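Student: return a 3D structure for these sequence lines:
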Amino acid sequence: MPKPANKPELKLRTGSQTRNIYHADEYVTKLEDLSTRLDAYTIIRKSDSQVGGLMRVIKLPIREVEWEIKEGKEEIRQFIEDNIKSDLHGSWDDFIRLALTMLDFGFCVFEKVFMYDAGAGKYKWKKFVYLPQPTIKEIVGEKNGGLKKIVQYAATDTELGEQPWETIDIISDYLLVFTNEREGDWYGTSLFRNIYGNAQIKDVLMKIDAIKHDRFGVGIPWMRLKPGYKKEDIALAEGTMKRMRAHEYSYMLIPPGAEDPQLLMMSGTDGTAVLESIRYHDEQMSKSLLAQFLDLGTSQSGNRALGESFINLFLMSLNAITKQIEETFNQYAIKQIVDINFGPQKEYPKLAAGQITLNKIMDLAESLEKLTNAKWLKPMAKDQNQIRNELGLESLDDEELEKIEQQRQQIPPTPPQGTQPPGQPQPGQPTPPQATASEGYLKPGDKYFRELVGIEKQIDFMEYAEQLETMKNEFIRKLKKVRDKQIRSLVYDIVDDNKPVGKVRARYSDLYEKAIQEYQERAFNMGVATVQKEKKAQLSGRGYLEKNIKLYAFDQIPSDIFDMMEVNSAIGAEVISNRTKAHITDLFITYKNQGLSNKAIKANIFSDTIGTGEKVISAEYLRVVAMWAMAREEAAKRDEDVQGGFYSAVMDGQTCSVCMDADISYNAGTQDNPFQLEELPGAPNPECEGGVNRCRCIHVYQYFRETGI
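Tutor: Modelled structure (predicted):
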């Protein structure tokens, strides 16, 4: 096959991996010349532990990002992806690691080396050769600001005494130059430029601190001789002081009449506050490198609890760096290789990095701990991979998950003969009716599955069910309106604007989030009110004056519960948005495959979806109901008059066998004295066959007061 015209020359590498330009706007003499500037930055990056740690904090998250090739024609996209994954010499991680040296020096240069694949009839990248910054003599730009060439010091094979290098030119066609904060020229700006002064001062301060400890750290031994001392006493005292040291054979002869020897510690040696100054310059350097949150708690700028805003700013900076790498690679590498092999394209494939986000690991751990300890949640084996993904850990395979599930569901020991395990009817008790998984609260007119017993008779469960049902209907109506707006927006983007589905954003998610948060807060306050009402009914029935009944009330929703509400709201909004987008996308593809016009597709989608969505919205209402039950639990725990409680499943329209067993063992008719709250199964029950979010079981509380009638 003849060699295609206008293709890059298949040559060996021109550049070398061994070793001045005037920088017009630089006012520090040492940083004007390129070679001395690079030497100065090398010293900072290799000798300062604070800088080394900060640079790792910046670079490691970027190296952990998933990179992929997106967009463009499938054939071309696959060609680029295969070239990078299979044909390129060296690892991609190593390429990114070296590209990030632009942060240290302001720029980073690679030489593109091509190869010709005769079988495919295409040119490919063979490797991207890193040209160390100290080997760059000059980066020459075009008058229009483009890159013309670099001049490099290249190593040569020489005899002893001859010049060990020569200068070579590499033109821009074979170069890939990453530049940090480029301002005119191609040298960019090093992250170390803004901290150069701090680093220089810190270096001096560390030397001063070392000298201070060397000169004054151990003190000066001294001894005072009393009047009447003799010449030999002076000689003995001098010898004693010179030999003064601590070890296992040390001893001391003190001249007659002399005071005990002492160490003179130099006063005022702390006056320079060297360590405080060093700490200050460390803080300034980390602030400059957008990692101030590392100093929170160790400086006067705040504590770690206030660091989230700094972290967000830091993450924005990291994402900006990945975007810079994307744009450079797309413009100067991908476009060139595509034009060579496929000709100019309307849309080119693009290198794209995943978003660097903050996995709130501690928030996740704390939430899981609270929910599990409160018996609201019992993690299943299938939850393992979800949590491991959040933590960035490798997923478990099906066999490992099965082992975990078997361990979780270990069969309990057989109870002694003549007894029944907890939750099963004891001898003489009626067998409960057959039940199915819980399907929801009682509806008006429904009957309880059993008779109310004990303190349950003072509670109007049906009223609670009606209140929650009313709020559910309001919730659905409100979120349906938001969903209709979201559907119209999605249809416009996908059908009218013909955007790729991957680029379509589901708008109005914030309105979902706001509504879910609002109804969670309402449900919480309703839950607290039901507990207050039950307490008044119980104590009033025993002759207590209502004015003497102290009702526990929250000044505001506890911060940990409020945080949980916010998380619930964000997750709920995302779930509804994602499901709505997926549904609209499926409908679009279906109608498109039927050959319908865009106008007909829009009409059909609107007909199928506007005013619907009750199922997905109802599922998110379960988060609201959970706050109602949690409020009852939290209010009871804080009420000093709560004597204990019972378990009740009567609010369930259809009660599952697990909840039925708990109801039989712990309901208000089982014993006179209430159970301790920590003895009761969780309510909602984490073992519920319908899932904890669908469980309608609650705790009912018994109150006791000795005085106040």
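Student: how about the strands in the chain?
Tutor: All strands of the chain, identified by DSSP state E, fall at 67-70, 107-117, 122-131, 136-141, 147-155, 165-171, 175-179, 220-222, 262-264, 350-353, 642-648, 698-703.
Student: show the contacting residues for V616.
Tutor: V575, I576, R579, T580 (CB atoms under 8 Å, 6 or more residues apart in numbering). Yep, even glycine has a C-beta here, placed from its N, CA and C like the rest.
Student: and these, which are buried?
Tutor: Buried members of those, scored by 16 or more other CB atoms under 10 Å, are I576, R579, T580.
Student: compile these into TSV and extend it with columns for pLDDT.
Tutor: Shown next, in TSV, are the buried ones among the contacts of V616 (pLDDT from 0 to 100):
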residue	pLDDT
I576	92
R579	90
T580	92
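Student: so of the residues you listed, which ones are in helices?
Tutor: Among those, the ones falling in helices (DSSP state H) are I576, R579, T580.
Student: and the second one, what does it touch?
Tutor: To tie it back to what came earlier, the one meant is R579. Contacts of R579 by CB under 8 Å, 6+ apart are V616.
Student: hang on, L100 packs against L60?
Tutor: No - the criterion here is CB atoms under 8 Å, and L100 misses it with L60 at 9.8 Å.
Student: more neighbours, those two?
Tutor: More crowded of L100 and L60, by other CB atoms under 10 Å: L100, with 21 against 12.
Student: leaving out chain neighbours, which residue sits closest to that one?
Tutor: Once flanking residues are discounted, L100 sits nearest to K59: 4.9 Å by CB to CB, 6 or more residues apart in numbering.
Student: for K637, same thing?
Tutor: L677 (6.8 Å).
Student: the one you found is in contact with V642, isn't it?
Tutor: Yes - here L677 reaches V642: they are 7.4 Å apart, a contact under CB under 8 Å.
Student: out of those two, which sits in the more crowded spot?
Tutor: Taking neighbours as other CB under 10 Å, L677 and V642 compare with V642 leading, 19 against 15.
Student: and that one, how far from L205?
Tutor: From V642 across to L205, the span is 61 Å (CB to CB, to the nearest Å).
Student: alpha carbons of stretch 139-159, as CSV, please.
Tutor: Taking Å, rounded to 0.1, in the frame of the first residue of the first chain, the C-alpha atoms of stretch 139-159 are listed here in CSV:
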residue,chain,number,x,y,z
ILE,A,139,9.5,27.5,23.5
VAL,A,140,9.0,29.5,20.3
GLY,A,141,5.6,30.8,19.5
GLU,A,142,4.1,32.1,16.3
LYS,A,143,3.2,35.8,16.0
ASN,A,144,-0.5,34.8,16.2
GLY,A,145,0.1,33.1,19.5
GLY,A,146,0.3,29.5,18.2
LEU,A,147,3.1,27.2,18.9
LYS,A,148,6.0,27.1,16.4
LYS,A,149,8.7,24.9,17.9
ILE,A,150,10.7,24.1,21.0
VAL,A,151,14.5,24.3,21.2
GLN,A,152,15.9,21.5,23.4
TYR,A,153,19.2,20.6,24.9
ALA,A,154,19.7,17.0,23.6
ALA,A,155,22.4,14.7,24.9
THR,A,156,25.1,13.5,22.5
ASP,A,157,27.7,10.7,22.5
THR,A,158,30.8,12.7,23.2
GLU,A,159,34.4,12.1,24.3
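Student: quick revisit: let me know the closest of the ones in helices among the buried ones among the contacts of V616 to S172.
Tutor: Minimum distance to S172 across those is 47.8 Å, recorded for T580 (CB to CB).
Student: contact partners for that closest one?
Tutor: The neighbourhood of T580, defined by CB under 8 Å, 6+ apart, consists of R483, Q486, I487, L490, A506, G613, V616.
Student: hmm, try it at 10 Å
Tutor: Counting by CB atoms under 10 Å, 6 or more residues apart in numbering, T580 touches V482, R483, Q486, I487, L490, A506, Y508, S509, Y512, T609, G613, V616.
Student: just those now: which is nearest W222?
Tutor: Using CB to CB, S509 comes nearest to W222 of the contacts of T580, at 76.2 Å.
Student: wait, doesn't that closest one sit right on K485?
Tutor: No - using CB atoms under 10 Å, S509 is not in contact with K485; the gap is 11.1 Å.
Student: out of those two, which sits in the more crowded spot?
Tutor: Legend: neighbour count by other CB under 10 Å for S509 and K485, higher for S509 (19 against 12).
Student: give the contact list for the more buried one.
Tutor: Applying CB under 10 Å, 6+ apart, the residues contacting S509 are V482, Q486, A570, G572, A573, E574, I576, S577, N578, T580.
Student: adding distance to I43, write the residues you listed out as a markdown table.
Tutor: Formatted as a markdown table, the contacts of S509 follow (distance: CB to CB, whole Å):
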| residue | distance to I43 |
| --- | --- |
| V482 | 58 |
| Q486 | 56 |
| A570 | 46 |
| G572 | 53 |
| A573 | 50 |
| E574 | 48 |
| I576 | 55 |
| S577 | 51 |
| N578 | 51 |
| T580 | 56 |
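Student: mind listing the shared neighbours of L677 and V642?
Tutor: With contacts taken as CB under 10 Å, 6+ apart, L677 and V642 have A636, Y701 as neighbours in common.
Student: any low-confidence regions in the stretch 101-250 of the chain?
Tutor: Along the stretch 101-250 of the chain, the model assigns pLDDT under 70 to residues 156-164, 203, 206, 210-219, 245-250.
Student: with adjacent residues omitted, what lies nearest to I84?
Tutor: Counting by CB to CB, 6+ apart, W92 is the residue found nearest to I84 once chain neighbours are left out, at 6.5 Å.
Student: that neighbour: what's it in contact with?
Tutor: Neighbouring residues of W92 by CB under 10 Å, 6+ apart: R63, W67, I84, K85, F128.
Student: where is pLDDT lowest across these?
Tutor: Confidence by pLDDT is poorest for K85 among those, given 84.
Student: now do that one against F128, distance only.
Tutor: Distance from K85 to F128, by CB to CB: 14 Å.
Student: ok, those two, which is more surrounded?
Tutor: Taking neighbours as other CB under 10 Å, K85 and F128 compare with F128 leading, 20 against 10.
Student: quick revisit: distance to M660 added to the strands of the chain, as JSON lines?
Tutor: Shown next, in JSON lines, are the strands of the chain (distance: least, CB to CB, whole Å):
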{"stretch": "strand 67-70", "distance to M660": "51"}
{"stretch": "strand 107-117", "distance to M660": "68"}
{"stretch": "strand 122-131", "distance to M660": "67"}
{"stretch": "strand 136-141", "distance to M660": "77"}
{"stretch": "strand 147-155", "distance to M660": "76"}
{"stretch": "strand 165-171", "distance to M660": "79"}
{"stretch": "strand 175-179", "distance to M660": "66"}
{"stretch": "strand 220-222", "distance to M660": "85"}
{"stretch": "strand 262-264", "distance to M660": "81"}
{"stretch": "strand 350-353", "distance to M660": "53"}
{"stretch": "strand 642-648", "distance to M660": "11"}
{"stretch": "strand 698-703", "distance to M660": "15"}
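Student: and of the ones you listed, who's closest to I494?
Tutor: Using CB to CB, those put strand 67-70 closest to I494, at 17.9 Å.
Student: which one of the buried ones among the contacts of V616 is nearest to A603?
Tutor: T580 (18.2 Å).
Student: do you know how far the closest one is from F524?
Tutor: Counting by CB to CB, the separation of T580 from F524 is 27 Å.
Student: same check on N498?
Tutor: 45 Å.
Student: D652 too?
Tutor: Distance of D652 to F524, computed by CB to CB: 21 Å.
Student: sorry, back to before: CSV for the ones in helices among the buried ones among the contacts of V616, including distance to A629?
Tutor: As requested, these are exported to CSV (distance: CB to CB, whole Å):
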residue, distance to A629
I576, 22
R579, 25
T580, 28
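Student: L88: what's it in contact with?
Tutor: The contact partners of L88, by CB under 10 Å, 6+ apart, come to D82, F95, K124, W125, K126, K127, F128.
Student: neighbours of the fourth one, how many?
Tutor: Residues within reach of W125, counting by other CB under 10 Å, total 20.
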